[in-house]
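Student: quick one: sequence and predicted model below, then my questions.
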Amino acid sequence: EAAAAGAKCIVSSSGGNAGLAAAFAARDFKLPCTVVLPTTTPESVQQHLAFYGADVMVYGSVWDEADRKAREVVEERQGAYV
């Protein structure tokens with residue numbers, strides 16, 4: 001849906017299933033994916049997301065801060081928020 005609507009990338013702020021699904025789907029649609037996570041996110045989660053092709057951006061100390069940054073990235077890059 002995002003690709004059909006003209007999104008140039010996929011952006012998420014989830015280190016869980018939503019982030020993994022975003023990275024996986026973006027790869028299938030050949031779109032870049034950025035997942036913004038707070039500094040408290042374990043390195044293993046970051047590596048898992050990167051394995052599926054996500055560009056992991058670490059920002060803020062809590063999820064709310066990372067989520068705000070993710071929404072900024074959506075606007076800057078003409079992306080779709082997942």
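Tutor: Good, I have the coordinates. Residues are numbered from 1 along each chain as shown.
Student: what about the helices in this structure?
Tutor: Ranges of helices in the chain, per DSSP state H, are 17-28, 43-51, 63-77.
Student: pull out the buried positions in the shortest one.
Tutor: Translated: helix 43-51. By 16 or more other CB atoms under 10 Å, the buried positions in helix 43-51 come out as 45-46, 48-49. All C-beta atoms are positioned from the backbone trio N, CA, C, and that covers glycine.
Student: out of those residues, who's nearest A2?
Tutor: Closest approach between these and A2, by CB to CB: L49, at 17.9 Å.
Student: quick one: contacts of stretch 54-70?
Tutor: Contacts with stretch 54-70, where a contact means CB atoms under 8 Å, 6 or more residues apart in numbering, come from 11-13, 19, 22-23, 26, 32-41, 46, 49-50, 73, 81.
Student: Serialize the helices of the chain to TSV and add fields for distance to G6 and mean pLDDT.
Tutor: TSV is the format used below for the helices of the chain (distance: least, CB to CB, whole Å; pLDDT from 0 to 100):
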stretch	distance to G6	mean pLDDT
helix 17-28	15	90
helix 43-51	24	93
helix 63-77	12	96
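Student: alright, I will stop here.
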